[in-house]
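# Need a 3D model of the sequence below.
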Amino acid sequence: MEETQQERQQQEVMVAGVDESELSWYALQWTLDHFSVPFAPHFPFKLVVVHAKPSPASAIGLAGPEVLPIVDADLRKIAGWVMQKAKDICNSRSVHDVTFQVMEGDARNVLCDAVQKHRASVLVVGSHGHGTIKRAVLGSVSDYCSHHAHCTVLIVKRPKIEG
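This next block holds a predicted model:
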């Protein structure tokens, strides 16, 4: 039985944050394997995959304004590559009804904004597994989102391989 447009519009939304890290890809794959593939073709969530593209100014720090266009072009290339890889992962699992978005800004704010914009009930982020000191210095996207996103936050960690 085909879903009606009204049923599709009422479907809950899941936002998945992605970046260029292996842990990000693992989190997306894990999410698809647990929340989409088992329910095909009637997925329980409308999936929105979001990549936060840093602004050129934030990426270059103290460098002069003459490098802004070059840095911006590189950041756009990276964002395009990230979105294509996310699409490839979704397609490899036969999940085709996905919205892909690149939003400029700090990942913490971008993901929380995406949750509000899409009225998401779940936000999925990967965990980089930084220790306490590194997390305090660098800031943790997953930690920030778990405290500020107005929805359930699922932090996907890659299992440690013992050997």
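# Residue 85 contacts residue 25, correct?
Yes: applying CB atoms under 8 Å, one finds residue 85 in contact with residue 25, separated by 6.9 Å. From N, CA and C alone the C-beta is placed, and that goes for glycine too.
# overlap in contacts of the two?
Shared contacts of residue 85 and residue 25, defined by CB atoms under 8 Å, 6 or more residues apart in numbering, are found at residue 18.
# On the C-terminal side of the least confident helix or strand in the chain by mean pLDDT, identify the next helix or strand.
When the helices and strands of the chain are compared on mean pLDDT, DSSP states H and E, helix 132-138 comes out lowest with a mean of 46. Toward the C-terminal end, the helix or strand that comes next after helix 132-138 (DSSP states H and E) is helix 141-148.
# Show residues contacting that next one.
Counting by CB under 8 Å, 6+ apart, 17, 107-108, 111-112, 123, 125-128, 135, 153, 155 sit against helix 141-148.
# ok, residue 159 - how many residues close by?
7 (other CB atoms under 10 Å).
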